[in-house]
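Visitor: kindly return the folded structure for what I paste below:
(one chain, ligands or ions: 1)
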Amino acid sequence: MLVSLRELLQEAKRGRYAIGAFNFSNLETLRAIILAAQRRSAPVIIQTSQTAIKYAGLEYIVAMARVAGEQAGVPVVLHLDHGTDLATIEACIKAGYSSVMIDASHHSFTENIRLTKEVVAMAHAHGVSVEAELGRLAGQEDEISVGEREAAFTDPAEARAFVEETGVDALAVAVGTAHGLYRGEPHLDFLRLQQIAELVSIPLVLHGASGVPDASIRQAIACGISKINIDTELRIAFYRAVKNFLDHHDTYDPRKFLSPAIDAMAELVEAKIDLFGSANKAVR
Ligand code: 13P
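Guide: Have a look, this model is predicted:
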């Protein structure tokens, strides 16, 4: 069974660890994440962007995720990452996603609240949890592009008001991370993160965690982060394994060159689970 984000994240917040949210877009990337979660006995969030849904098809995604949820033996959340389109969010809720994100962070504060409230009402009526975002990350957010100059960190007082107004279950914050590859070393605003965590009672989410040093990840968790999104690093591990295999073998059998990619990605997901402290937390 697929489980909702809410209880898992509240448990993580209490236990001061974070649950990994890993992006997938096909059978191979899903298998890698589930294998890793099983090996580490970890609850896991499998998430798709809107473009991943366009790529693989909503029904295929949900069917694969349902099988994963039934067979994994660990709690599995199927989450929509960066939902910007209400029709897609509604379709995900109706199709069987157990959690959705509404990302209206590029709108005004008032409009972000209005859209988030709309999604909360719709999702909660189906027992589906909701993540929202306040503040903007630099970099490439799937179909949303925000220049680094435009990026705005989350304001702690606004975060409190936003959470109280919207009734959202988890809040993504902008504290210095960016989606995609970093040009230099990212510097996180831990003081701001701590202030937000003091004012906001719900679990906080860190996006753009690929390339963030392990020490900063540990500190972010200590400051109150309960969900950590990783995508780019997984794609790179997958790509490198396929490339390395095909550089040394001449084969047209996808099973031959995709199997090492599943193994490489699973190994990386396992390492992230250990870093986040969620290994052996899969009690159902
Ligand atoms: P990265 O691609 O930087 O890991 O970010 C993933 C993410 O935040 C997805 O929402």
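Visitor: show me which strand runs longest in this structure.
Guide: strand 76-83 (DSSP state E).
Visitor: so it, near the ligand or not?
Guide: Yes - counting by C-beta under 6 Å from any ligand atom, the ligand has neighbours in strand 76-83: 81-82. The way it works is simple: take the backbone N, C-alpha and C, and place the C-beta from them, glycine included.
Visitor: dump the following helix or strand past that strand to PDB, keeping only the CA atoms.
Guide: Next in sequence after strand 76-83, counting helices and strands by DSSP states H and E, comes helix 86-95. The C-alpha trace of helix 86-95 is given here as PDB (Å, rounded to 0.1, in the frame of the first residue of the first chain):
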ATOM      1  CA  LEU A  86      -4.100  22.300 -10.800                       C
ATOM      2  CA  ALA A  87      -5.500  19.900 -13.500                       C
ATOM      3  CA  THR A  88      -2.400  17.700 -13.200                       C
ATOM      4  CA  ILE A  89      -2.500  17.800  -9.400                       C
ATOM      5  CA  GLU A  90      -6.100  16.800  -9.400                       C
ATOM      6  CA  ALA A  91      -5.400  14.000 -11.900                       C
ATOM      7  CA  CYS A  92      -2.600  12.700  -9.700                       C
ATOM      8  CA  ILE A  93      -4.800  12.700  -6.600                       C
ATOM      9  CA  LYS A  94      -7.600  10.800  -8.400                       C
ATOM     10  CA  ALA A  95      -5.200   8.400 -10.000                       C
END
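Visitor: what lines up beside the host helix or strand of residue 227 in the sheet?
Guide: In this assignment (DSSP H and E), residue 227 forms part of strand 225-230. Using DSSP bridges, the strands paired with strand 225-230 are strand 19-23 (parallel), strand 204-206 (parallel).
Visitor: check which helices and strands whichever helix or strand comes after it sits against.
Guide: Helices and strands here follow DSSP H and E; after strand 225-230, the next one along the chain is helix 232-248. Contact partners of helix 232-248 among helices and strands, from 3 or more C-beta pairs under 8 Å, 6 or more residues apart in numbering; DSSP states H and E: helix 27-39, helix 254-276.
Visitor: what helices or strands is the helix or strand that the shortest one is followed by leaning on?
Guide: Downstream of helix 27-39, the first helix or strand assigned by DSSP H and E is strand 44-48. Contact partners of strand 44-48 among helices and strands, from 3+ C-beta pairs under 8 Å, 6+ apart: strand 19-23, helix 27-39, helix 58-71, strand 76-83.
Visitor: the same query, at a cut-off of 6 Å, please.
Guide: The contact analysis (3 or more C-beta pairs under 6 Å, 6 or more residues apart in numbering; DSSP states H and E) places strand 44-48 against strand 19-23, strand 76-83.
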